[in-house]
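>>> output the structure for:
(one chain, ligands or ions: 2)
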Amino acid sequence: MKKGIRYETSRKTSYIFQQPQHGPWQTRMRKISNHGSLRVAKVAYPLGLCVGLFIYVAYIKWHRATATQAFFSITRAAPGTRWGQQAHSPQGTAADGHEVFYGIMFDAGSTGTRVHVFQFARPPRETPTLTHETFKALKPGLSAYADDVEKSAQGIQELLDVAKQDIPFDFWKATPLVLKATAGLRLLPGEKAQKLLQKVKEVFKASPFLVGDDCVSIMNGTDEGVSAWITVNFLTGSLKTPGGSSVGMLDLGGGSTQIAFLPRVEGTLQASPPGYLTALRMFNRTYKLYSYSYLGLGLMSARLAILGGVEGQPAKDGKELVSPCLSPSFKGEWEHAEVTYRVSGQKAVASLHELCAARVSEVLRNRVHRTEEVKHVDFYAFSYYYDLAAGVGLIGKGAQMVCRTLETQPQSSPFACMDLTYVSLLLQEFGFPRSKVLKLTRKIDNVETSWALGAIFHYIDSLNRQKSPAS
Ligand SMILES: O=c1[nH]cnc2c1ncn2[C@@H]1O[C@H](COP(=O)(O)OP(=O)(O)O)[C@@H](O)[C@H]1O
Ligand SMILES: [Ca+2]
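Ligands and ions are numbered 1, 2, ... in the order given. Below you'll find the model as predicted:
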């Protein structure tokens, strides 16, 4: 059998996601003016038309608002909710009776900010389906603007414009707009992070979307894992079958990394330290999930730790950071969290892979909680897991091969040995055997595998609870 953690690209699920089509509102508006050829007195004719138009506009607006509320209550209340396959759903068309709704989630990650515009449709008397996602990402992350907060607004505005273009005008007011920040802002001093969030809130408040007081926040690590778990289990269909099997998820960000799965073994629950288990209530079911986020163990933060640097601080007197994970002949600069470090390899007295693995093991020692059960659970892995493994297929094997090449040849990607060795050992620390097959994916059925979809579910659910606290 081949050694090394193996990856498979994601399997297809049966949901269909479609491009939104614009137009029901405009079509209806035109209809009204076409119906204006009645025989009426000269003055009464334009007056009547105006009154009719006004009543029609008021009716349509009211109808849209009611429809959105109905969606919220369904996500919360439907027992055994089925988010089934949908064949076709033109936007908001009354003709086929599908109601269409949107949600906008901003992911303020440590390496970039992204907007996810989700379109949902609900066929008559059925539960809603996710019909389309529009996604756009910008670099750098919000935390890069910590010392120039005003400048952060431009990127946020640019991504908001994507949402405006994607969502028809008459849906704007009822569409929730939310930003959640992860490791980049968690790692900033509290005051700087709050200033950035305040700026985003100003921009959001000036937008035409539905903006609550809680529209921007730093998400806690447990929720980040739970939300991503909801996303993969929703997209793979696992949430549809109560009591059925579920999949685990692994997310490797720039600043932090998350693991989440649904334990089936009592021993896992017993052996989990405080803070690793959390209850999730969704679709009238309660899940007791294992979810944890390791701050500082994202790929970029791990690089810094392996190099011996300190987060947010330039090296003392511009000192070079030397690492056994870089090619012995390598000298260069590496920028992380707005700080530029001088880095270089060191003379290798043994194999580069062995030396690098020893250093990485040191960094990981006693940092990660291991569970036996992960061996037997199907896991989806994304973000940097995907980016790294897409190139080499087998992480463990890839690390050995890349490190060996680096010993003798100049390498275009100087961090490849370090990154692959890190990921390989991180997975081992979690308890994955080297032969474990992980499902590696960037998208499942054209939807980005990230925590954003799960988080918008949660947010919509909480909006609904605020509306009807008794239920
Ligand atoms: O929605 C997404 N689609 C595709 N890749 C994503 C998405 N969100 C994050 N990533 C990937 O995650 C990695 C960086 O993580 P991020 O910037 O989110 O750090 P963090 O999660 O530690 O804050 C990159 O590989 C980036 O491409
Ligand atoms: Ca992330």
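
>>> C-alpha from now on. contacts and neighbour counts both.
Fine.

>>> low-confidence stretches in the stretch 301-450 of the chain?
In the predicted model of the stretch 301-450 of the chain, residues 391-394, 410-411 satisfy pLDDT under 70.

>>> what about the helices in the stretch 301-450 of the chain?
Applying DSSP state H, counting those that start in this stretch to the stretch 301-450 of the chain gives helices spanning 352-364, 384-392, 395-408, 416-430.

>>> can you spell out which helices and strands pack onto the longest one?
Packing partners of helix 416-430 (3 or more CA pairs under 8 Å, 6 or more residues apart in numbering; DSSP states H and E): helix 299-307, helix 352-364, helix 384-392, helix 395-408.

>>> how about the ones you listed, which one is nearest ligand 1?
helix 384-392 (4.0 Å; CA to the nearest ligand atom).

>>> wait, does the closest one contact ligand 1?
Yes. Legend: contact between helix 384-392 and ligand 1 by CA under 6 Å from any ligand atom is shown at Tyr384, Asp387.

>>> okay, the helices and strands packed on helix 416-430 in CSV with mean neighbour count next?
Shown next, in CSV, are the helices and strands packed on helix 416-430 (neighbours: other CA atoms under 10 Å):
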stretch, mean neighbour count
helix 299-307, 22
helix 352-364, 20
helix 384-392, 18
helix 395-408, 21
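
>>> could those helices go into a markdown table alongside distance to Asp213?
Listed next are the helices and strands packed on helix 416-430 as a markdown table, based on distance: least, CA to CA, whole Å:
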| stretch | distance to Asp213 |
| --- | --- |
| helix 299-307 | 31 |
| helix 352-364 | 39 |
| helix 384-392 | 32 |
| helix 395-408 | 43 |
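
>>> quickly list the domain ranges of the protein.
99-218, 297-440 (the TED database).

>>> over to the shortest one now: how far is its first residue from its last?
This points to domain 99-218. For domain 99-218, the first and last residues are 32 Å from each other (CA to CA, to the nearest Å).

>>> that domain vs ligand 1: in contact?
Yes. Part of domain 99-218 sits near ligand 1 under the criterion CA under 6 Å from any ligand atom, namely Gly109, Ser110, Thr111, Gly112, Thr182, Ala183, Gly184.

>>> re earlier: which one of the domains of the chain lies nearest to Met282?
domain 99-218 (14.3 Å; CA to CA).

>>> can you name the residues of the protein that neighbour ligand 1?
So the chain meets ligand 1 at 109-112, 182-184, 253-256, 298, 383-384, 387, 442, 448, 450 (CA under 6 Å from any ligand atom).

>>> so of these, which ones are in strands?
Counting by DSSP state E, those place Ser256, Ser383, Glu448 in strands.

>>> highest neighbour count among those residues?
Of those, Ser256 is surrounded by the most neighbours, 25 neighbours in total, counting by other CA atoms under 10 Å.

>>> that one contacts Tyr292, doesn't it?
No. Using CA atoms under 8 Å, Ser256 makes no contact with Tyr292, being 10.1 Å away.

>>> mind listing the residues bridging to Tyr341?
Trp334 (DSSP bridges).

>>> thought it was touching Lys331?
No. Counting by CA under 8 Å, Tyr341 does not reach Lys331; the two are 10.9 Å apart.

>>> between those two, tell me which one has more neighbours.
Tyr341 (21 against 17).

>>> correct me, but Val310 touches Leu304?
Yes. The criterion here is CA under 8 Å, and Val310 meets it with Leu304 at 6.9 Å.

>>> name the helices or strands packed onto the strand or helix carrying Ala452?
For Ala452, the element it lies in under DSSP states H and E is helix 451-467. If contacts are counted by 3+ CA pairs under 8 Å, 6+ apart, helix 451-467 sits against helix 44-77, strand 99-108, helix 221-235.

>>> packing partners of the second one?
What that stands for is strand 99-108. helix 44-77, strand 113-122, strand 177-181, helix 451-467.

>>> likewise for the last one?
Identification of packing neighbours for helix 221-235 by 3+ CA pairs under 8 Å, 6+ apart yields strand 248-252, strand 256-261, strand 285-295, helix 451-467.

>>> what's the mean pLDDT across that helix?
Taken as a whole, helix 221-235 has an average pLDDT of 96.

>>> for the shortest one, same thing?
Summarised as a single mean, pLDDT over strand 99-108 is 95.

>>> chain center to it, what's the gap?
The chain centre lies 12 Å from the centre of strand 99-108; the measure is CA atoms, centre = their mean, to the nearest Å.

>>> who does it pair up with?
strand 113-122 (antiparallel), strand 177-181 (parallel).
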